[in-house]
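Trainee: 3D, please:
(one chain, ligands or ions: 1)
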Amino acid sequence: MKRVYLDYTATAPTKPEVFEKMKKYYTEQFGNPSSVHTFGLLNRDDLLEARKIVATTINADVNELFFTSGGTESDNWAIAGVAKAMKNKGKHLITTKIEHHAVLHTMQDLEKQGFEVTYLEVDDMGKIDLENLKSEIREDTILVSIMYANNEVGTVQDIAEIGKICKEKKVYFHTDAVQAYGNFLIDVKKLNIDLMTMSGHKIYGPKGVGALYVRKGVKIKNILHGGAQERKKRPGTENVPAIIGFAEAARIAHKTLDEHREKLIELRDYLRDRVLNEIDHVKYNGHPTDRHPGNTNFSFHFIEGESLLIGLDMRGIAGSSGSACTSGSLDPSHVLMALGLSHDIAHGSLRLTVGDFTTKEEIDYTVEQLKEVITWLRNMSPLYEDFLNKQK
Ligand SMILES: *Cc1c(COP(=O)(O)O)cnc(C)c1O
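Mentor: Sure, this is the predicted structure:
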């Protein structure tokens, strides 16, 4: 059976050249970077090189970059670590209703510890209101955490404006850039970002590795305790092969950013146009222009998203309904709800995300299969039958 992977936002394959680079660090150059012998020293050098590579891609200093176990840990650390360090200044944090659960659940945990969190609303395209953000910042606000590009609907926030506001108001600004890194040119200095989350497997690197950028001078406490790794801020023996792979993926992403974006945008818009032109009763979710280059998100009326996913999977097509992390629960996506979609419409949603290995032929195949599955599901739907009867 033909297999088409259109879930690059959930995870991307490790590029073969990235994997090649990682191999020797498992079997040959396996030393612990903290050791004093040559086995260790070699890896200490390569670790520093990897740190330089990733730091350069975001215009950060090498000492402002810390490797972690991925986006989830970086989000947890940025938020809980700043809260812990700044609690004497204030106990108020600001975020949005459409964050990844790594941010939302960390915020909820802080609420249980006596912190207060404001969850900003977004408009029907997924954007926060900058005036609203300004008015919510208080004397006791210590952190604003707003994602760069949303993982479900792709909407990109006005990060430069948010950075400016936070700088003026003297509150730290953290952004979860897991979906944006590798898809947008990010200069943390120009954008006034104080803390930024990145992840390896979303940029064609390995899973289980990521980074947190922490601007020099930002007060942050450790959330993990142990050895002196990562300049005493993030203990645990460094995952050297994964870090090497992450840096190689970051280097490639940075070098090929323009072509990568162009390719994705062309495929994304082709997919969007074909679906909107050839299928009835469909809504395109997210922002029309300020958007992740690979993201499409549709709501099909009279359809249940899970059945749609299964129907597509039976035809070899991998998509997602909402977020990969919430599938398994029957609640509609918190992101689509925040955009103001009704329960029914949110339930009939499908996210298809294209990536570097996607082809136009794959999109054509997907659209043809999608049309068939939707017709099949609608023909079984009592809601659709009601709708047709009312049209008569
Ligand atoms: C995938 C993702 C994360 C989590 O990153 P992991 O490396 O999988 O832990 C966090 N935020 C966003 C926006 C994501 O898409």
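
Trainee: from here on, contacts and neighbour counts on C-alpha atoms
Mentor: Will do.

Trainee: can you give me the strands for the stretch 1-150 of the chain?
Mentor: With DSSP state E, counting those that start in this stretch as the criterion, the stretch 1-150 of the chain has strands at 4-5, 65-68, 92-96, 116-120, 141-145.

Trainee: The last one: how far from the chain's middle?
Mentor: Pointing back at strand 141-145 there. Here strand 141-145 is found 20 Å from its chain centre; the criterion is C-alpha atoms, centre = their mean, to the nearest Å.

Trainee: what about residue 226, how many neighbours?
Mentor: 12 (other C-alpha atoms under 10 Å).

Trainee: related to what we said a few turns ago, could you dump the strands of the stretch 1-150 of the chain into TSV with mean neighbour count, mean pLDDT and distance to residue 167 added?
Mentor: Shown next, in TSV, are the strands of the stretch 1-150 of the chain (neighbours: other C-alpha atoms under 10 Å; pLDDT from 0 to 100; distance: least, C-alpha to C-alpha, whole Å):
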stretch	mean neighbour count	mean pLDDT	distance to residue 167
strand 4-5	20	98	41
strand 65-68	24	98	20
strand 92-96	23	98	14
strand 116-120	18	98	19
strand 141-145	25	98	11
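
Trainee: Please pull out the lowest mean pLDDT helix or strand from this structure.
Mentor: helix 343-347 (a mean of 89; mean pLDDT, DSSP states H and E).

Trainee: Could you pick out the residues of the chain near the ligand for me?
Mentor: Selection of the chain residues close to the ligand by C-alpha under 6 Å from any ligand atom yields 70-72, 100, 102, 150-151, 176, 178-179, 199.

Trainee: one step back: how about the least confident helix or strand of the chain: buried residues?
Mentor: Within helix 343-347, the residues scored as buried using 16 or more other C-alpha atoms under 10 Å are 344-347.

Trainee: if we can go back for a sec, and which of the residues of the chain next to the ligand is nearest residue 374?
Mentor: Of all these, residue 374 sits closest to residue 151, with 24.1 Å by C-alpha to C-alpha.

Trainee: could the strands of the stretch 1-150 of the chain be laid out in JSON lines, adding distance to residue 183?
Mentor: As requested, these are exported to JSON lines (distance: least, C-alpha to C-alpha, whole Å):
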{"stretch": "strand 4-5", "distance to residue 183": "18"}
{"stretch": "strand 65-68", "distance to residue 183": "19"}
{"stretch": "strand 92-96", "distance to residue 183": "22"}
{"stretch": "strand 116-120", "distance to residue 183": "25"}
{"stretch": "strand 141-145", "distance to residue 183": "20"}
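
Trainee: need the helices for the stretch 201-350 of the chain, in chain order.
Mentor: Taking DSSP state H, counting those that start in this stretch as the test, the helices found in the stretch 201-350 of the chain are 229-232, 240-255, 257-278, 305-314, 334-338, 343-347.

Trainee: mind putting the residues of the chain next to the ligand in a markdown table, pLDDT included?
Mentor: Formatted as a markdown table, those follow (pLDDT from 0 to 100):
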| residue | pLDDT |
| --- | --- |
| 70 | 98 |
| 71 | 98 |
| 72 | 98 |
| 100 | 98 |
| 102 | 98 |
| 150 | 98 |
| 151 | 97 |
| 176 | 98 |
| 178 | 98 |
| 179 | 98 |
| 199 | 98 |
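
Trainee: from these, which two are the most distant?
Mentor: Distances among the residues of the chain next to the ligand were taken as C-alpha to C-alpha; the most separated pair is 70 and 150, at 17.0 Å.

Trainee: and the two? which has more neighbours close in?
Mentor: For the pair residue 70 and residue 150, the greater number of neighbours falls to residue 150 (27 against 22), based on other C-alpha under 10 Å.

Trainee: residues contacting the more buried one?
Mentor: By C-alpha atoms under 8 Å, 6 or more residues apart in numbering, residue 150 lies in contact with 98-100, 156, 179, 292.

Trainee: which one of those residues is nearest residue 204?
Mentor: Taking these together and measuring to residue 204 by C-alpha to C-alpha, the closest member is residue 179, at 11.9 Å.

Trainee: Over to that closest one. Which of the three states is it?
Mentor: What DSSP: H, G, I helix; E, B strand; the rest coil gives for residue 179 is coil.

Trainee: if I read this right, residue 21 contacts residue 243, doesn't it?
Mentor: No. Residue 21 lies out of contact with residue 243 (C-alpha atoms under 8 Å); the separation is 10.7 Å.

Trainee: More neighbours: which of the two?
Mentor: Using other C-alpha under 10 Å as the criterion, residue 21 and residue 243 rank with residue 243 on top: 27 against 14.

Trainee: Mind pulling up the pLDDT for the more buried one?
Mentor: What the model reports for residue 243 is a pLDDT of 98.

Trainee: Distance of it relative to residue 201?
Mentor: For residue 243, the distance to residue 201 (C-alpha to C-alpha, to the nearest Å) stands at 11 Å.

Trainee: intersection of neighbour lists for the two?
Mentor: By C-alpha under 8 Å, 6+ apart, the residues touching both residue 243 and residue 201 are residue 209.

Trainee: Count the residues that sit near the residue lying closest to residue 343 once chain neighbours are set aside.
Mentor: Sequence neighbours aside, residue 332 is the residue nearest to residue 343 in space, at 6.6 Å (criterion: C-alpha to C-alpha, 6 or more residues apart in numbering). Residue 332 has 23 neighbours, counted by other C-alpha under 10 Å.

Trainee: pretty sure residue 332 contacts residue 349?
Mentor: No. When contacts are counted by C-alpha under 8 Å, residue 332 is not listed as touching residue 349 (9.2 Å).

Trainee: Low-confidence bits of this structure, can you list those?
Mentor: Residue ranges of the chain with pLDDT under 70: 322-330.

Trainee: what sits against residue 133?
Mentor: residue 120.

Trainee: so how far is the ligand from it?
Mentor: Going from residue 133 to the ligand by C-alpha to the nearest ligand atom, to the nearest Å gives 20 Å.
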